[in-house]
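Undergrad: 3D model of this:
(one chain, ligands or ions: 1)
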Amino acid sequence: MLGMKLLALVGPAHRNFSTKTSYKSKKWAQNRYKTRYKAKQAEAENTEIKIEWTDEQKQVISAISEGKSVFITGSAGTGKTILVQHIIKMLKKQHRPSKVFVTAPTGVAACAIRGQTLHSFAGVGYPLADRDTLMHRILLNNKAYKRWLKVKALVLDETSMVDAEFFESLEYIARQIRQVDESWGGIQLVVGGDFFQLPPIRPQQNSGGKEYAFEADCWNSSFDLQVNLTKIFRQSDPQLIKLLNGIRRGESDPEDLKFLEQSCSEAEPDPSVVQLYPRIEDVNRVNANRLESLGNELVVYSAVDSGEESRKPQLEQGIAPKEVALCEGARVMLVKNLNTWRGLVNGATGTVQGFSAPKNKDITDICNAGLLPIVKFDSGPELLIEPETWVVTEGDKVVAERKQLPLILAWASSIHKCQGMTLDRLHTDLSRAFENGMVYVALSRVRSLEGLYLSSFDRWKIMVHPKVLQFYKRFSSELAQESKDDNDSQRQDNVYVSQKDDGSKYMLVHIK
Ligand SMILES: Nc1ncnc2c1ncn2[C@@H]1O[C@H](COP(=O)(O)OP(=O)(O)OP(=O)(O)O)[C@@H](O)[C@H]1O
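TA: So this is what the prediction gives:
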């Protein structure tokens, strides 16, 4: 019954993706799609709001056009990503589009700049390892090896989530593969990020206490210019900007917190508003409730794992879920790149329109009902989603493999996934925040506090890492030296950092 009802919906989607289509008509359809896509893009570019770049942003643009490598930092909403997007266009004109690679540490952040994850670009596979092992894996991966030779400019956004050892390893790999004894083997680097936001997801072991990318030995030599953008665009209310800047530095000024409490929306938003949670258990609970509340028939997909028993547990650490249940109307997110060119990349969101039984393909190993979901992506395309595989490798040998649909539920999301987003409306609960920068990242997503429904908040969860404060202190004093304006550095001298009981988290106390 469900399948019958859905087949009507599936028709048009199938016509585009039929495996029986001849090569010629496929080529024709592809060309027609390309022409329409280019026309749409040109239209979008023409209607794009004209941005008047600030002097700081212009400084970056000019350095990039001179071929310099630049690190762009600044508070949330200062336009790092929009600037990076503009720079990508510039670089693609300057070099050739195929020689410019656009990356970010997470799928969602990569999706925002139409790029790929840093991992996927580098071709280093999983699990992370020492630089020689990573190098060995690349040498066995012809496509990755060629990418390293071909790249002229490498763009990396949301760098706070890249760990020091990985950054260092990639710099070493670039030099070795390209046989050029210059920083990054001569690749022009454009790196954006705010280290007051979320730290690396899984800092590597044996990294000698290093965590953030700025601690990498090669950090300073990687850039000709490091720029701190100071004008905030996302928010316009000066009181909100003051509140966010305080929270960014780990402060919890009672007056600012009172303003936060008084200005947030009091009405619980409708269920379509994205809900952000620090912990994945809460994300899963909300998604499961929302799925149930739709009341539609569920289709369950259970991952099929194969390979060495001792290596299978590593599959659990990957992004593909052990089990995912879907129904018509479910909000979903892609967790694998299907087609970068069409924007069907890790992080892309959409809604399940229905299900269809694939012809000539048995998928009953992952789904008893033998049905695959049809997803309408927010960016436009509608697609029948097929199972994908994820592997754990050892050298060039696959030691474990998971087959599963590349989808997860997306009504609720983790704060890690939302870094980089600008949201008009947001529902969040910050009582269980556990990471440095987490409260700041969540609160700084909204343009105004009217769009924020804060169901729970704990001021002790406002945390910042002392190394980050130190990095920006050095940064701002360098700027102060240049501009002979040392106000900021004096303010920073009035703080001290105390370590919390668990020894891993810190709070900043401002001395009045
Ligand atoms: N020069 C500018 N003029 C007008 N608007 C701007 C300018 N620069 C950025 N913006 C706007 O500011 C908002 C935030 O920009 P963006 O997302 O690039 O900030 P960000 O620094 O990357 O934030 P985050 O650190 O949270 O990822 C966007 O809506 C963007 O269009």
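Undergrad: shaky segments in the stretch 201-350 of the chain?
TA: 202-208, 271-272, 317-318, 340 (pLDDT under 70).
Undergrad: which single residue of it ends up nearest the ligand?
TA: Phe233 (3.1 Å; Cβ to the nearest ligand atom). For the C-beta atoms, the positions are set from N, CA and C on the backbone; glycine is no exception.
Undergrad: that residue: what's it in contact with?
TA: Gly77, Thr78, Gly79 (Cβ atoms under 8 Å, 6 or more residues apart in numbering).
Undergrad: could you export those as JSON lines, including secondary structure, pLDDT and distance to Gln94?
TA: Formatted as JSON lines, the contacts of Phe233 follow (DSSP: H, G, I helix; E, B strand; the rest coil; pLDDT from 0 to 100; distance: Cβ to Cβ, whole Å):
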{"residue": "Gly77", "secondary structure": "coil", "pLDDT": "87", "distance to Gln94": "28"}
{"residue": "Thr78", "secondary structure": "coil", "pLDDT": "92", "distance to Gln94": "24"}
{"residue": "Gly79", "secondary structure": "coil", "pLDDT": "89", "distance to Gln94": "21"}
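Undergrad: quickly name whichever of those residues is closest to the ligand.
TA: Nearest to the ligand among the contacts of Phe233: Gly79, at 2.7 Å, using Cβ to the nearest ligand atom.
Undergrad: for that closest one, what are its contacts?
TA: Thr54, Gln57, Leu229, Lys231, Phe233.
Undergrad: okay, these in a markdown table with distance to Asp132 and secondary structure next?
TA: A markdown table is the format used below for the contacts of Gly79 (distance: Cβ to Cβ, whole Å; DSSP: H, G, I helix; E, B strand; the rest coil):
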| residue | distance to Asp132 | secondary structure |
| --- | --- | --- |
| Thr54 | 43 | coil |
| Gln57 | 39 | helix |
| Leu229 | 37 | strand |
| Lys231 | 44 | coil |
| Phe233 | 43 | coil |
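Undergrad: columns distance to Glu182 on top of the residues you listed, output as TSV?
TA: Output for the contacts of Gly79, formatted as TSV (distance: Cβ to Cβ, whole Å):
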residue	distance to Glu182
Thr54	31
Gln57	27
Leu229	27
Lys231	33
Phe233	35
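Undergrad: which among those residues end up buried?
TA: Buried members of the contacts of Gly79, scored by 16 or more other Cβ atoms under 10 Å, are Thr54, Gln57, Leu229.
Undergrad: the last one touches Ile72, doesn't it?
TA: Spelled out, that is Leu229. Yes. Here Leu229 reaches Ile72: they are 6.6 Å apart, a contact under Cβ atoms under 8 Å.
Undergrad: quick one: common contacting residues for the two?
TA: Lys80, Leu83.
Undergrad: burial count for Gln94?
TA: 16 (other Cβ atoms under 10 Å).
Undergrad: so it makes contact with Ser65?
TA: Yes. Using Cβ under 8 Å, Gln94 is in contact with Ser65, at 7.2 Å.
Undergrad: ok, now which ones touch Val155?
TA: 84, 87-88, 91, 100-103, 113, 115, 190-192.
Undergrad: okay, and it sits in which element?
TA: strand 153-156 (DSSP states H and E).
Undergrad: return the distance of that strand from the chain's centre.
TA: Distance of strand 153-156 from its chain centroid, counting by Cα atoms, centre = their mean, to the nearest Å, is 15 Å.
Undergrad: quick check: next helix or strand after that strand?
TA: helix 164-178.
Undergrad: write out the residues of this structure neighbouring the ligand.
TA: 51-54, 57, 74, 76-82, 194, 233-234, 420, 422, 444 (Cβ under 6 Å from any ligand atom).
Undergrad: now those residues: which count as buried?
TA: 54, 57, 74, 76-82, 194, 234, 420, 422, 444.
Undergrad: Glu56 - that's part of a strand, no?
TA: No. Glu56: not assigned to a strand; according to DSSP: H, G, I helix; E, B strand; the rest coil it is helix.
Undergrad: excluding chain neighbours, what is closest to Asn368?
TA: Val300 (7.3 Å; Cβ to Cβ, 6 or more residues apart in numbering).
Undergrad: ugh, wrong one, I meant Ser252
TA: Arg459 (4.3 Å).
Undergrad: re earlier: just flag the most distant two among the buried ones among the residues of the chain next to the ligand.
TA: By the measure Cβ to Cβ, Thr54 and Gly420 form the most distant pair in these, at 19.9 Å.
Undergrad: what's the nearest residue to Arg331 once chain neighbours are set aside in contact with, if anything?
TA: Nearest non-adjacent residue to Arg331, counting by Cβ to Cβ, 6+ apart: Ala410, 4.5 Å away. Each residue near Ala410 by Cβ under 8 Å, 6+ apart is listed here: Asn287, Arg331, Val332, Met333, Thr349.
Undergrad: inside strands: which ones of the residues you listed?
TA: Secondary structure assignment by DSSP state E places Arg331, Val332, Met333, Thr349 of these in strands.
Undergrad: appreciated, that's everything.
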